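In: whatever this is, show me its structure:
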Amino acid sequence: MAKLALLIGVSQYGAGFNQLPAAVKDVEAMQRVLLHPDLGDFDEVSPLLDPEPQEMGTAIEHLFGGRRRDDLLLLFFSGHGVKDENGNLYLASRATRKNEWGGLVRSSAIAARFVQEIMADSRANRQVVILDCCFSGAFAEGLVAKDDSSVDVKRQLGGEGRVVLTSSTSTQYSFEQQGSDLSVYTRYLVEGIETGAADLDEDDVISVDELHEYANIKVQKAAPAMKPEIYTVKEGYKIIIAKVSTGDPKLKYRKEVERYVHAGRISPVGRRILNARRESFGLSPEEASIIEAEVIKPYREYKKKLHEYEQALIEAIQHENPLSDYTRNELKDLQQVLSLRNEDVAPIEMRFNALVSYLPAQDSNVTELARVDLDNQLKNLTDNLDSEREVDYTRLRDLLAQGKWQKADRETEAAMLKASGREDEGWLREEDMQSFPCQDLRTIDQLWVKYSNGRFGFSTQKRIWQTIEETTQNADVETWKYFGDNVGWRLQDSWVGYKNLIFTLDAPEGHLPGWVFVSGFVAGGFFGSGLFDRVENCGL
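Out: Down below sits the predicted model:
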């Protein structure tokens with residue numbers, strides 16, 4: 001029984017391909033954790049850097065050929081994944097090139113089909129393939145089982161079969177991590193093994209499915225546009241890929257931090273729990289701070305990307321309003337570079353669209369010095385306090401301007417009850433939502449959007465609601481639950497209740513106004529979709 005790995009990293013490419021300096025670093029990091037006797041404990045790990053296609057193919061054949069049934073074989077590839085005109089996946093070598101029509105010269109790369117055939121011919125019953133490349137999910141197409149029930153599965157190696165871990169789907173790009181030596185996906189694979197954090201069931205070993213789950217969660221926080229996937233044949237997902245150092249207080253504390261970090265923050269209660277855990281583990285505050293920073297880092301990186309996109313949008317609007325098609329395409333390119341999804345940037349774009357819609361269009365021929373600074377224009381916008389029902393919104397405006405979010409939330413409740421003629425009853429019905437005066441709804445929403453910089457408001461909530469509604473089957477109940485999860489009204493499948501809402505700008509987008517939904521739900525009168533239909537009908 002042997003544990004063998006081949007790690008291929010391709011950083012250097014010819015014309016038509018970007019260089020990938022992280023690929024070589026990926027191999028070095030994977031080699032470190034797989035060879036470590038207290039972690040991967042592999043017998044042999046062979047790195048192959050920037051190979052020619054023949055060298056690459058030969059190395060893959062050598063990995064899978066002439067092996068015993070109980071061997072564990074691991075193939076890792078970091079580099080460019082490319083498709084031919086028929087959509088077939090190839091692993092690019094340093095010699096990979098395109099023909100004069102822009103198509104792939106297939107002989108200059110290694111076909112996924114070739115690797116699959118080599119794997120199928122191998123006698124080894126434990127095969128792991130990890131692909132950190134674009135379109136890597138396409139590798140699983142055509143993956144078939146090799147049936148051999150005569151082999152006795154050894155408990156220390158877990159299940160048998162084949163498993164493929166991919167950094168992306170069959171249609172997605174993968175990304176290098178800005179400011180990091182490693183690619184996004186490989187970074188979290190290594191982290192999961194090296195720290196032991198991927199041991200999700202705490203049995204002191206890391207199976208392939210646990211490693212995938214850990215990396216997937218981390219990638220989705222740092223680069224939401226990527227969707228790592230796992231494909232298995234037989235019980236390949238149970239193959240044990242590494243062990244965990246037991247009794248390590250830093251590892252124990254890290255798992256506690258992972259448990260109590262929510263949306264990049266540690267709550268006051270969570271902080272007290274972690275302080276107690278830190279002392280019981282005998283860690284210094286400095287050691288604990290380093291571990292917490294590592295756990296929170298993906299959240300911070302994601303926020304940094306959003307901020308970068310927001311700044312680019314501000315600069316673009318300052319330069320031209322409305323935006324030209326050319327500029328919009330540039331913003332799309334930036335979104336892809338930052339590995340952000342449409343739903344990630346939608347709140348930013350909505351926020352500025354709502355505010356910029358009040359500004360006069362700029363003449364693209366006017367010089368930069370003649371343009372009025374966008375930020376000053378936004379600050380100087382006159383608040384619209386109009387009401388169809390003679391409701392005075394001055395107090396709501398003042399509370400929002402002062403950042404008194406909870407008082408503003410309660411003032412919103414009072415204003416909506418008055419606008420609906422329901423002050424005596426103290427609650428709203430679904431029919432009240434359906435007939436709520438558009439001018440008042442518009443006034444309330446625009447005040448919330450403006451003073452929260454687009455984080456809060458009914459229009460923000462409507463956008464989140466509609467995005468969820470498109471993907472759920474049971475329109476109201478299921479959508480309501482997912483909506484609650486997204487805006488922070490539900491934690492761990494439980495509703496938090498009004499007293500536990502977050503009345504700061506650190507709250508999730510769409511968290512406020514909160515009174516109307518939480519009060520309505522607790523009272524058993526669901527009217528979320530009714531309000532959003534009204535928001536839509538009123539043009540918000």
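In: other residues contacting the helix or strand hosting R271?
Out: Assigned by DSSP states H and E, R271 belongs to helix 268-281. Helix 268-281 has contacts (CB atoms under 8 Å, 6 or more residues apart in numbering) with 249-250, 252-253, 256-257, 260-262, 266, 285, 288, 292. C-beta coordinates here come from the backbone N, C-alpha and C atoms, glycine included.
In: any idea which helix or strand comes after that helix?
Out: Heading C-terminal from helix 268-281, the first helix or strand you meet, by DSSP H and E, is helix 285-319.
In: following that next one, which helix or strand shows up next?
Out: Next element after helix 285-319 (DSSP H and E): helix 325-337.
In: residues near R187, how many?
Out: Residues contacting R187 under the criterion other CB atoms under 10 Å number 24.
In: looking at this, it is in a strand?
Out: No. Looking at R187 with DSSP: H, G, I helix; E, B strand; the rest coil, it is helix, so not inside a strand.
In: before we move on, the earlier item: looking at the contacts of helix 268-281, which gets the smallest pLDDT?
Out: Comparing pLDDT over the contacts of helix 268-281, the lowest score belongs to H262 (76).
In: pretty sure it is in contact with L491, am I right?
Out: Yes. In this structure, H262 is within contact of L491 by CB atoms under 8 Å, at 7.0 Å.
In: where do the helices sit along the stretch 51-200 of the chain?
Out: 53-64, 112-121, 184-195 (DSSP state H, counting those that start in this stretch).
In: quick one, what contacts L334?
Out: 308-309, 312.
In: and the residue of the chain most remote from its centre, what pLDDT?
Out: Going by CA atoms, centre = their mean, the residue of the chain most distant from its centre is D424, 45.5 Å out. D424 carries a pLDDT value of 85.
In: same check, this time on the one 5 residues further on
Out: Reading off the per-residue confidence, R429 sits at a pLDDT of 77.
In: could you do G247 as well?
Out: pLDDT, read off for G247, is 70.
In: list the contacts of it.
Out: With CB under 8 Å, 6+ apart, G247 has no contacts at all.
In: and I60, by the same measure?
Out: Going by CB under 8 Å, 6+ apart, the list of residues near I60 reads 6, 75, 110, 114-115, 118.
In: switch the cut-off to 10 Å
Out: Taking CB atoms under 10 Å, 6 or more residues apart in numbering, we find I60 in contact with 6, 8, 48, 75, 77, 91, 110, 114-115, 118-119.
In: what separates A95 from V24, distance-wise?
Out: Distance from A95 to V24, counting by CB to CB, to the nearest Å: 17 Å.
In: go on, A59?
Out: 16 Å.
In: do Q127 as well
Out: According to CB to CB, Q127 and V24 sit 24 Å apart.
In: so how far is stretch 87-101 off the chain centroid?
Out: Centroid separation for stretch 87-101 versus its chain: 29 Å, with CA atoms, centre = their mean, to the nearest Å.
In: what mean pLDDT does it get?
Out: 88.
In: okay, how far is it across that stretch, tip to tip?
Out: The first and final residues of stretch 87-101 sit 16 Å from each other (CA to CA, to the nearest Å).
In: buried stuff in it?
Out: Buried residues in stretch 87-101, defined by neighbour count with 16 or more other CB atoms under 10 Å: 88-97.
In: try stretch 221-241
Out: Within stretch 221-241, the residues that count as buried by 16+ other CB under 10 Å are 221-223, 225-241.
In: can you check stretch 412-421 too?
Out: 412-413, 415-420.
In: next one: stretch 36-50
Out: Per 16+ other CB under 10 Å, stretch 36-50 contains these buried residues: 36, 39-40, 42, 45, 48, 50.
In: before we move on, what about stretch 321-330?
Out: Of the residues in stretch 321-330, 321, 323, 327 count as buried by neighbour count, 16+ other CB under 10 Å.
In: next one: stretch 300-312
Out: For stretch 300-312, using 16+ other CB under 10 Å, the buried residues are 301-302, 305-306, 309-310, 312.
In: format those residues as CSV; extra columns: pLDDT and distance to E430.
Out: Output for these, formatted as CSV (pLDDT from 0 to 100; distance: CB to CB, whole Å):
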residue, pLDDT, distance to E430
E301, 80, 42
Y302, 81, 36
K305, 84, 39
L306, 83, 35
Y309, 87, 37
E310, 82, 36
A312, 87, 41
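In: and which of those is nearest Q446?
Out: Lowest distance from Q446 to the buried residues of stretch 300-312 (CB to CB) belongs to E310, with 19.7 Å.
In: quick one: end-to-end distance for stretch 241-252.
Out: Length of stretch 241-252, first residue to last, CA to CA: 20 Å.
In: quick revisit: closest one of the buried residues of stretch 412-421 to R395?
Out: Closest approach between the buried residues of stretch 412-421 and R395, by CB to CB: A415, at 8.5 Å.
In: in this model S387 seems to touch the closest one, though I could be wrong.
Out: Yes. A415 is within contact range of S387, at 8.4 Å (criterion: CB atoms under 10 Å).
In: find residues that contact each of the two.
Out: In contact with both A415 and S387: 393, 440, 443-444, using CB under 10 Å, 6+ apart.
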